[in-house]
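Enquirer: What follows is a predicted protein model with its sequence.
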Amino acid sequence: MFSESTLNEIRSRFDIVDLIGRYVTLKKSGQGYQGLCPFHKEKTPSFHVHPAKQVYRCFGSCGKGGNIFTFLMEYEGISFPDAVRRLAKDVGVRIEEDKAFSRPQQKPVAPQQERALKALEFAGKYFHFCSPRSSVSICLEVLRKPRAFKKIDR
Ligand SMILES: [Zn+2]
(Lines give C-alpha, C1' and ligand atoms only; values in the text may rest on other atoms or scores of the structure.)
Protein backbone atom coordinates (compact mmCIF):
# COMPACT_ATOMS: atom_id res chain seq x y z
CA MET A 1 0.00 0.00 0.00
CA PHE A 2 0.95 3.60 -0.32
CA SER A 3 1.79 5.62 2.73
CA GLU A 4 -0.38 8.53 3.67
CA SER A 5 2.47 10.98 3.19
CA THR A 6 3.09 9.74 -0.34
CA LEU A 7 -0.54 10.27 -1.30
CA ASN A 8 -0.56 13.71 0.29
CA GLU A 9 2.65 14.62 -1.48
CA ILE A 10 1.23 13.65 -4.86
CA ARG A 11 -2.01 15.49 -4.17
CA SER A 12 -0.19 18.63 -3.12
CA ARG A 13 1.75 18.74 -6.38
CA PHE A 14 -1.29 18.47 -8.61
CA ASP A 15 -3.93 20.93 -9.48
CA ILE A 16 -7.02 18.97 -10.38
CA VAL A 17 -7.95 21.61 -12.97
CA ASP A 18 -4.64 21.06 -14.78
CA LEU A 19 -4.93 17.31 -14.63
CA ILE A 20 -8.52 17.08 -15.84
CA GLY A 21 -7.79 19.86 -18.33
CA ARG A 22 -5.51 17.44 -20.14
CA TYR A 23 -8.50 15.26 -20.94
CA VAL A 24 -11.47 17.58 -20.88
CA THR A 25 -11.89 21.09 -22.24
CA LEU A 26 -12.75 23.17 -19.18
CA LYS A 27 -14.18 26.64 -19.03
CA LYS A 28 -14.16 28.91 -16.02
CA SER A 29 -17.57 29.04 -14.42
CA GLY A 30 -18.15 30.82 -11.12
CA GLN A 31 -15.68 29.51 -8.56
CA GLY A 32 -14.78 26.49 -10.62
CA TYR A 33 -14.59 25.07 -14.09
CA GLN A 34 -17.00 23.12 -16.20
CA GLY A 35 -16.94 21.03 -19.33
CA LEU A 36 -18.52 18.10 -21.07
CA CYS A 37 -18.52 15.05 -18.85
CA PRO A 38 -15.97 12.48 -20.05
CA PHE A 39 -17.93 9.65 -18.43
CA HIS A 40 -21.24 9.97 -20.21
CA LYS A 41 -22.48 11.47 -23.46
CA GLU A 42 -23.87 14.95 -23.21
CA LYS A 43 -24.26 18.13 -25.23
CA THR A 44 -24.44 20.66 -22.43
CA PRO A 45 -21.63 20.70 -19.88
CA SER A 46 -22.59 19.31 -16.49
CA PHE A 47 -19.14 18.25 -15.40
CA HIS A 48 -17.73 20.55 -12.71
CA VAL A 49 -14.25 20.84 -11.29
CA HIS A 50 -13.69 22.63 -7.98
CA PRO A 51 -10.13 23.88 -7.55
CA ALA A 52 -10.70 24.90 -3.93
CA LYS A 53 -11.75 21.40 -2.92
CA GLN A 54 -9.68 19.64 -5.57
CA VAL A 55 -12.61 17.49 -6.58
CA TYR A 56 -14.75 16.96 -9.67
CA ARG A 57 -18.38 16.11 -9.97
CA CYS A 58 -20.79 15.40 -12.79
CA PHE A 59 -24.25 16.82 -12.26
CA GLY A 60 -25.52 14.99 -15.32
CA SER A 61 -26.77 11.45 -15.70
CA CYS A 62 -23.66 9.58 -14.53
CA GLY A 63 -23.17 11.59 -11.33
CA LYS A 64 -19.52 10.64 -11.04
CA GLY A 65 -17.22 12.51 -8.75
CA GLY A 66 -13.96 12.22 -6.89
CA ASN A 67 -10.38 13.45 -6.87
CA ILE A 68 -7.28 13.22 -9.08
CA PHE A 69 -6.79 9.52 -8.32
CA THR A 70 -10.35 8.46 -9.00
CA PHE A 71 -10.46 10.59 -12.15
CA LEU A 72 -7.50 8.78 -13.63
CA MET A 73 -8.84 5.39 -12.53
CA GLU A 74 -12.19 6.05 -14.16
CA TYR A 75 -10.88 7.76 -17.24
CA GLU A 76 -8.10 5.33 -18.05
CA GLY A 77 -9.81 2.27 -16.60
CA ILE A 78 -6.83 1.51 -14.37
CA SER A 79 -6.50 0.37 -10.76
CA PHE A 80 -5.91 2.68 -7.82
CA PRO A 81 -2.23 1.69 -7.41
CA ASP A 82 -1.64 2.25 -11.11
CA ALA A 83 -3.25 5.67 -10.94
CA VAL A 84 -1.10 6.59 -7.93
CA ARG A 85 2.07 5.36 -9.60
CA ARG A 86 1.32 7.24 -12.77
CA LEU A 87 0.63 10.51 -11.03
CA ALA A 88 3.67 10.05 -8.81
CA LYS A 89 5.89 9.53 -11.81
CA ASP A 90 4.42 12.57 -13.45
CA VAL A 91 5.49 14.88 -10.65
CA GLY A 92 8.61 12.99 -9.63
CA VAL A 93 7.40 11.75 -6.25
CA ARG A 94 9.13 8.64 -4.97
CA ILE A 95 6.62 6.10 -3.80
CA GLU A 96 6.91 4.63 -0.35
CA GLU A 97 4.59 1.73 -0.07
CA ASP A 98 3.33 1.11 3.40
CA LYS A 99 3.97 -2.56 4.06
CA ALA A 100 2.46 -2.51 7.53
CA PHE A 101 -0.90 -1.72 6.07
CA SER A 102 -1.15 -4.99 4.17
CA ARG A 103 0.25 -7.17 6.95
CA PRO A 104 -2.12 -10.03 7.74
CA GLN A 105 -4.21 -9.98 10.90
CA GLN A 106 -2.55 -11.40 14.02
CA LYS A 107 -5.55 -13.37 15.22
CA PRO A 108 -7.43 -15.70 12.93
CA VAL A 109 -10.84 -14.21 12.22
CA ALA A 110 -13.94 -15.48 10.52
CA PRO A 111 -14.14 -14.59 6.82
CA GLN A 112 -17.13 -12.35 7.36
CA GLN A 113 -15.47 -10.56 10.23
CA GLU A 114 -12.36 -10.22 8.18
CA ARG A 115 -14.31 -8.68 5.36
CA ALA A 116 -15.84 -6.18 7.76
CA LEU A 117 -12.42 -5.30 9.16
CA LYS A 118 -11.02 -4.88 5.70
CA ALA A 119 -13.89 -2.62 4.76
CA LEU A 120 -13.27 -0.49 7.83
CA GLU A 121 -9.59 -0.36 7.13
CA PHE A 122 -10.22 0.82 3.61
CA ALA A 123 -12.92 3.18 4.64
CA GLY A 124 -10.47 4.88 6.97
CA LYS A 125 -7.78 4.94 4.39
CA TYR A 126 -9.91 6.23 1.57
CA PHE A 127 -12.45 8.33 3.32
CA HIS A 128 -10.53 11.49 2.63
CA PHE A 129 -10.60 10.76 -1.08
CA CYS A 130 -14.27 11.45 -1.08
CA SER A 131 -15.44 14.89 -0.19
CA PRO A 132 -18.79 14.94 1.56
CA ARG A 133 -20.36 16.01 -1.70
CA SER A 134 -18.62 13.66 -4.04
CA SER A 135 -20.34 10.61 -5.37
CA VAL A 136 -20.78 7.73 -2.98
CA SER A 137 -20.27 5.31 -5.84
CA ILE A 138 -16.64 6.34 -6.17
CA CYS A 139 -15.98 5.58 -2.54
CA LEU A 140 -17.80 2.26 -2.79
CA GLU A 141 -15.89 1.44 -5.93
CA VAL A 142 -12.61 1.92 -4.10
CA LEU A 143 -13.77 -0.13 -1.12
CA ARG A 144 -15.06 -2.93 -3.28
CA LYS A 145 -11.66 -3.68 -4.74
CA PRO A 146 -9.36 -4.24 -1.77
CA ARG A 147 -8.12 -7.54 -3.21
CA ALA A 148 -6.97 -5.90 -6.39
CA PHE A 149 -4.75 -3.58 -4.36
CA LYS A 150 -3.26 -6.39 -2.34
CA LYS A 151 -2.41 -8.46 -5.35
CA ILE A 152 -0.51 -5.69 -7.04
CA ASP A 153 1.03 -4.13 -3.95
CA ARG A 154 3.41 -6.63 -2.55
ZN1 LIG B 1 -21.32 12.50 -16.30
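Expert: Thanks, I have it. Please read these numbers as outputs of a predicted model, since none were measured by experiment. Numbers count the residues shown, from 1 in each chain.

Enquirer: would you list every one of the strands in this structure?
Expert: 27-29, 32-35, 47-50, 55-58, 65-66 (DSSP state E).

Enquirer: Against which helices or strands is the last one packed?
Expert: Translated: strand 65-66. strand 55-58 (3 or more C-beta pairs under 8 Å, 6 or more residues apart in numbering; DSSP states H and E). All C-beta atoms are positioned from the backbone trio N, CA, C, and that covers glycine.

Enquirer: Identify all contacting residues around the strand it packs on.
Expert: The contact list for strand 55-58 (C-beta atoms under 8 Å, 6 or more residues apart in numbering) reads 16, 20, 37, 39-40, 46-50, 63-67, 71, 131, 133-135.

Enquirer: Let's see which of the residues you listed end up in helices.
Expert: Using DSSP state H, the subset of those located in helices is 16, 20, 71.

Enquirer: Spit out the contact partners of the second one.
Expert: Which is residue 20. Counting by C-beta under 8 Å, 6+ apart, residue 20 has contacts 26, 33, 35, 49, 56, 71.
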